[in-house]
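**Q** Show me how the following folds:
(4 chains)
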There are 2 protein chains.
Amino acid sequence: MVNKLRQHIIDRLGSAPDNIDDVLATFHTLKLKRNEVILKQGEICKYVYFVASGCLQVFVYDKEMNETTRDIITENNWCSELISFGGQKPATENIRSVEPSDLLAIDRQGFQRLTETVPQFDNIYKQILEASYANSVYRINTFVSLTALERIKWLMDYRPKLMSRLSSKLIASYLGISQETFSRLKGKL
Amino acid sequence: MVNKLRQHIIDRLGSAPDNIDDVLATFHTLKLKRNEVILKQGEICKYVYFVASGCLQVFVYDKEMNETTRDIITENNWCSELISFGGQKPATENIRSVEPSDLLAIDRQGFQRLTETVPQFDNIYKQILEASYANSVYRINTFVSLTALERIKWLMDYRPKLMSRLSSKLIASYLGISQETFSRLKGKL
DNA sequence: CTGAAACGTTGACATTTGTCAACACGAAAC
DNA sequence: GTTTCGTGTTGACAAATGTCAACGTTTCAG
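**A** Coordinates of the predicted model:
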C-alpha cells in the first residue's frame, strides 16, 4: 500500500527524493468499506488522501438534497478538499468511498513540514493542484456546452473505465443528468 | 499601471519582497482595445497576464462555433491558460478583451526565473493557482445543480458588478444559457 | 451624419430533460 | 431461503430551455 505511493512519487518526480522514507512515514493508512463518509460539508478538511486502491466520490447536496458529483477519484490519484484543507475553511463538499478503499492520509502539520523540508514534495503539491485545476477546467468546458448525450460520449472517451466500473446512478450524478435520462440515452449509442 | 501590480503583490504577501522592483521589471506592458484576441485555441500560451484595468473573457467554441465563456477576469486579477503555459501544450481556450484593457505580461522564462530566485513569487503562483482552482470548483458545483434562473441569482450574489458591466450576450454565455432565455428570466426577478 | 451591423426583446414552437409512478431484477440482510 | 431494499428500466406527462423569426434600438465605422 505504501509502495504504491512510493512508486507514484518516483513517477511524478522522475527519481526518488533522498528522504523518501521520511516522506512516506508521514502518512498513515486508512481502510474504508463501501459508502464510508470521510468528509462532510461544513467540517474542516484535515487530510489529503492518496488513493492506493478503490474509489472516492466528491459531491455536494443541492437544496432538495440531491447529490451531484463533482469528481470521482480512482486508485493512484490524490483526493482532498484542497480549499478547505489549505485555508482551514469549512468544506463545501463531501467525500465518500464508493468501493472498499485503501487510503494514505497526511494531515496539515505533516504536509507543511514536508513542503518546507522536502523541496520536491512542494513540487508534488503544485502538480496535484495543477492536475486538479486542469481537470476542473476540462469539466467546466464540457458542461457548459454539451448536451446530456454528448456528455455521455465525452465520459466514454475521457474516462471509459468508469462506465463499467460504477453504478448508473453515480455516473448520472457525475454528468449532471437524471438517472432516467441516462438510462434512456444509453440506448441511443 | 505597474503600481497596480506592485500593490497587488504587497497585498497578497503582506509585505513587499526585497527585490520587488526586479520582479516588476520582468513584466512588460500591453494595451488592448476592445475585442482583441490574445490567445487562440491551439496556440501555446506564452504569457501570464495581470489585468491592471479592463476585462478579459476566457472562452471556447463548441462544434457549431457558439462561444461559451469559462471565466471573466476583471482588474487586479490574473489571467492565463495555465495548463498550456505550464505544460507548453496547445491551449484549449481563447482569451479576448471585452473592454479596452491594460495588461502586464510575463513570459515563461521570466516566470521561471522568478519562481526560482524569489521564493515569495513562487508563493504568489501557488496563490493564483489555488484561487483559480477554487473558482473552478465553485463554478462546477453551481453549474451541475442549478437551473438557469438560479444561476442568474448566483451571479448576482457572487459577482454582482458583472451584471451591469457586461453585455447580456456575454453573461448568458458565462451562465451557459441562451441569450433569449437570459432575457426572459431577467424579467422574473 | 448615416447606414450597416450587432444587440436585446418578444412570440411561437420544437426539443430536451426532469418528475412521478410502476415494475423487474439482483444484492444484501436476516 | 426468504425478505427487503436499492438499482435500472420504461411510460406518460410536465417543465425548462433552445431555436427561429421578427422587430426596434443601440453602437460604431466610414
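
**Q** For chain A, which residue gets nearest to chain B?
**A** Residue nearest to chain B within chain A (Cβ to the nearest Cβ): residue A:136, separated by 3.6 Å. Bear in mind the C-beta positions are built from the backbone N, C-alpha and C, glycine included.

**Q** which non-adjacent residue is nearest that residue?
**A** The shortest distance from residue A:136 to any non-neighbouring residue, by Cβ to Cβ, 6 or more residues apart in numbering or on different chains, is to residue B:136 (3.6 Å).

**Q** residue ranges with poor pLDDT in chain A?
**A** The model of chain A has no residue with pLDDT under 70.

**Q** still on that earlier bit, neighbours of the residue of chain A closest to chain B, how many?
**A** Around residue A:136 there are 22 other residues, counting by other Cβ atoms under 10 Å in any protein chain shown.

**Q** what separates the helix or strand containing it from the chain centre, distance-wise?
**A** Applying DSSP states H and E as the criterion places residue A:136 in helix A:119-145. From the chain centre to the centre of helix A:119-145 is a distance of 11 Å (Cα atoms, centre = their mean, to the nearest Å).

**Q** Quick one: list the elements packing against that helix.
**A** Applying 3 or more Cβ pairs under 8 Å, 6 or more residues apart in numbering or on different chains; DSSP states H and E, we find helix A:119-145 packed against helix A:2-13, strand A:77-79, helix A:82-87, helix A:108-117, helix A:148-158, strand B:67-74, helix B:82-87, helix B:119-145.

**Q** what angle do it and helix A:2-13 make?
**A** Orientation check (axes from the mean of the first three to the mean of the last three Cα atoms, to 10 degrees): helix A:119-145 against helix A:2-13 gives 80 degrees.

**Q** Test my guess that the residue of chain A closest to chain B contacts residue B:141.
**A** No: in this structure residue A:136 lies outside contact range of residue B:141 using Cβ atoms under 8 Å: 10.3 Å.

**Q** now for the helices and strands packed on helix A:119-145, which one comes closest to residue A:98?
**A** strand A:77-79 (11.8 Å; Cβ to Cβ).

**Q** show me the contacts for the residue nearest to residue A:136.
**A** A:133, A:136-137, A:140 (Cβ atoms under 8 Å, 6 or more residues apart in numbering or on different chains).

**Q** now do residue A:186
**A** For residue A:186, the contact set (Cβ under 8 Å, 6+ apart) comprises A:152, A:168.

**Q** Helix or strand: which one has it?
**A** Residue A:186 is part of helix A:179-187 when elements are defined by DSSP H and E.

**Q** And the residue of chain A closest to chain B, how close does it get to residue B:8?
**A** 24 Å (Cβ to Cβ, to the nearest Å).

**Q** Tell me the residues of chain A that contact DNA strand D?
**A** A:167-169, A:179-180, A:182-184, A:186-187 (Cβ under 7 Å from any atom of the strand).

**Q** any chance of those in a markdown table, plus distance to residue A:91?
**A** Formatted as a markdown table, the residues of chain A next to DNA strand D follow (distance: Cβ to Cβ, whole Å):
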| residue | distance to residue A:91 |
| --- | --- |
| A:167 | 24 |
| A:168 | 27 |
| A:169 | 23 |
| A:179 | 26 |
| A:180 | 30 |
| A:182 | 27 |
| A:183 | 31 |
| A:184 | 34 |
| A:186 | 33 |
| A:187 | 38 |
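
**Q** Name the member of those residues with the most neighbours.
**A** residue A:182 (20 neighbours).

**Q** What about the nearest residue to it once chain neighbours are set aside, how many residues nearby?
**A** Closest residue to residue A:182 apart from its sequence neighbours, by Cβ to Cβ, 6+ apart: residue A:172 at 3.9 Å. Neighbours of residue A:172 under the rule other Cβ under 10 Å: 24.

**Q** now do the one 4 residues further on
**A** In terms of burial, residue A:176 registers 19 neighbours under the definition other Cβ under 10 Å.

**Q** correct me, but it touches residue A:143?
**A** Yes: at 6.5 Å, residue A:176 counts as touching residue A:143 under the criterion of Cβ under 8 Å.

**Q** what residues does chain A put near DNA strand C?
**A** Proximity of chain A to DNA strand C is confined to A:147-149, A:176-178, A:180-181, A:185 under the rule Cβ under 7 Å from any atom of the strand.

**Q** Would you point out the most distant pair within those residues?
**A** Every pair of the residues of chain A next to DNA strand C checked by Cβ to Cβ; the farthest is A:147 and A:180, at 15.6 Å.

**Q** Would you check that residue A:125 makes contact with residue A:112?
**A** No: assessed by Cβ under 8 Å, residue A:125 is found out of contact with residue A:112, at 10.2 Å.

**Q** So for those two, which sits in the more crowded spot?
**A** residue A:125 (18 against 11).

**Q** how many neighbours does the spatially closest residue to that one that is not a sequence neighbour have?
**A** Nearest residue to residue A:125, sequence neighbours excluded (Cβ to Cβ, 6+ apart): residue A:115, at 6.0 Å. Using other Cβ under 10 Å, residue A:115 is surrounded by 17 other residues.

**Q** who touches residue A:115 in this structure?
**A** Residue A:115 neighbours (Cβ under 8 Å, 6+ apart): A:121-122, A:125.

**Q** Just name the closest of the residues you listed to DNA strand D, please.
**A** residue A:125 (34.2 Å; Cβ to the nearest atom of the strand).

**Q** Kindly provide the distance from the closest one to residue B:157.
**A** 31 Å.
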